[in-house]
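> Sequence plus the predicted model coming up.
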Amino acid sequence: VEQDIKHMKTTIIGFGNQASAWALNLRDSGHDFNLLVRSESSMIRAKELGFEARLIGQIDFDPSECFILLLPDQAHLAALKILEGKINPDALIVLAHGHSFAYQAINQIYPSFNFALLAPKAIATELRYNYQHKKNLGAVYSLDGVSQEKKSLVRTHLINLARCIGITDGPFESSMKQETDADLFSEQTLLCGLYPFMINAAFNFLVKKGVPAELAYYECFEESYLIMKSLHQLGPKAFFDMISPYALVGAHKAQSMLIDQHMLEKMEQLWSEIQDGSFEKMAHESASQLLIRQQLNNFWSESSLYKTFVKINGENSI
Ligand SMILES: NC(=O)c1ccc[n+]([C@@H]2O[C@H](COP(=O)([O-])OP(=O)(O)OC[C@H]3O[C@@H](n4cnc5c(N)ncnc54)[C@H](OP(=O)(O)O)[C@@H]3O)[C@@H](O)[C@H]2O)c1
């Protein structure tokens, strides 16, 4: 592991959420890397954690073979434009999410670079926490943008890199588009859509039936966390072995009534909107983003679930 990382001279670009977790984990794994950032503020954040960063604008040339691009996905193109000419034309660019490759075709705009993916399936704080506490962490990788003759070397490098940032499960191979679309479909759409709105619908339903809001809040909001925590810890089989007979019957009834052909057809529709790019177009347009943000902001500010959340948790919780 160590030999391979030491052989491929590496530079992390950016010092945001993922970059700080990657940098801390790599350092604790005993591996050297350079750090390139855009602004003084990133430089200061890095310094506070003991890292020496250089400004992208001030370097003439960085001879590293591997650049880990840990910037917001919308910033990848702009960053590559600045880096082009300042790094080796056939450098390996490692992404932590496939979005800019799948939807902005960065490999076609910059065909001489090799683009690979190492996507931890965890938010940055979890990447750091799980590394420190030796807990499991999963990731996927892709070699979609890597030239044929470099694939084997890059695969080894990515797997070693994964171990050094604390990935214990996998990394599993996927394509850039599969990683991006699965993330858009599940995390960004179904999970962020269904959980809050399903909790809200159940809460409102109970309140309408005369149940006190505080009780409805505990039953719908707090319980959803406890259930997800147990499901996650035990896995689906042991979870269902453990729950009460009432929950067993309830779960069977609810899932057979709610997850029907109609719902599967809606999933099909969401998937095709992701695949044909219309989802991407909408998410990219700042006007539609702004409108939806305002609508949801008003919706949640006015919601009884939010007001009950604040009442129970206090103003400081928001
Ligand atoms: N967050 C997650 O949970 C998560 C999980 C898995 C994968 N990922 C992926 O990891 C990558 C990084 O995400 P993140 O959430 O860590 O990003 P982030 O925290 O928003 O990144 C902020 C950093 O990007 C820099 N930056 C922004 N625009 C730039 C530009 N045009 N040129 C140069 N630097 C620029 C900022 O520099 P300044 O301070 O100078 O503005 C700052 O250092 C993304 O590809 C994301 O999809 C994220």
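Yes, it's here.
> what residue ranges in the stretch 151-300 of the chain are flagged as low confidence?
Across the stretch 151-300 of the chain, nothing is flagged by pLDDT under 70.
> Count the neighbours of residue 211 for me.
15 (other C-beta atoms under 10 Å). Heads up, the C-betas are built off the backbone N, CA and C, glycines and all.
> I'd guess it is in a helix, am I close?
No. Counting by DSSP: H, G, I helix; E, B strand; the rest coil, residue 211 is located in no helix; its state is coil.
> Nearest residue to it in space, please, no chain neighbours.
Closest residue to residue 211 apart from its sequence neighbours, by C-beta to C-beta, 6 or more residues apart in numbering: residue 219 at 7.8 Å.
> Same check on residue 243?
Once flanking residues are discounted, residue 243 sits nearest to residue 251: 7.2 Å by C-beta to C-beta, 6+ apart.
> Test my guess that that neighbour contacts residue 240.
Yes. Residue 251 lies in contact with residue 240 (C-beta atoms under 8 Å); the separation is 7.4 Å.
> Doesn't the residue nearest to residue 243 belong to a helix?
Yes. Counting by three-state DSSP, residue 251 falls inside a helix.
> Could you tell me how many residues sit around it?
Using other C-beta under 10 Å, residue 251 has 13 other residues around it.
> From residue 194, how far off is it?
For residue 251, the distance to residue 194 equals 16 Å [C-beta to C-beta, to the nearest Å].
> Do I have it right that residue 92 meets residue 8?
Yes. Residue 92 is in contact with residue 8 according to C-beta under 8 Å; the separation is 7.5 Å.
> Quick check: neighbours shared by the two?
65, 66, 157 (C-beta atoms under 8 Å, 6 or more residues apart in numbering).
> How many neighbouring residues does residue 300 have?
Number of residues near residue 300 (other C-beta under 10 Å) recorded here: 14.
> For whichever residue of the stretch 1-150 of the chain sits closest to the ligand, which non-adjacent residue is closest in space?
For the stretch 1-150 of the chain, the residue positioned closest to the ligand under C-beta to the nearest ligand atom is residue 16, at a distance of 2.2 Å. Leaving out its chain neighbours, the residue that sits closest to residue 16 by C-beta to C-beta, 6+ apart is residue 70, at 6.5 Å.
> What are the phi and psi values at the one you found?
The phi/psi pair for residue 70 (degrees, to the nearest 10) reads phi -110, psi 60.
> Give me the local confidence score for it.
Residue 70 is assigned a pLDDT of 98 by the prediction.
> Might one say that it is in contact with residue 11?
No. Counting by C-beta under 8 Å, residue 70 stays clear of residue 11, with 10.7 Å between them.
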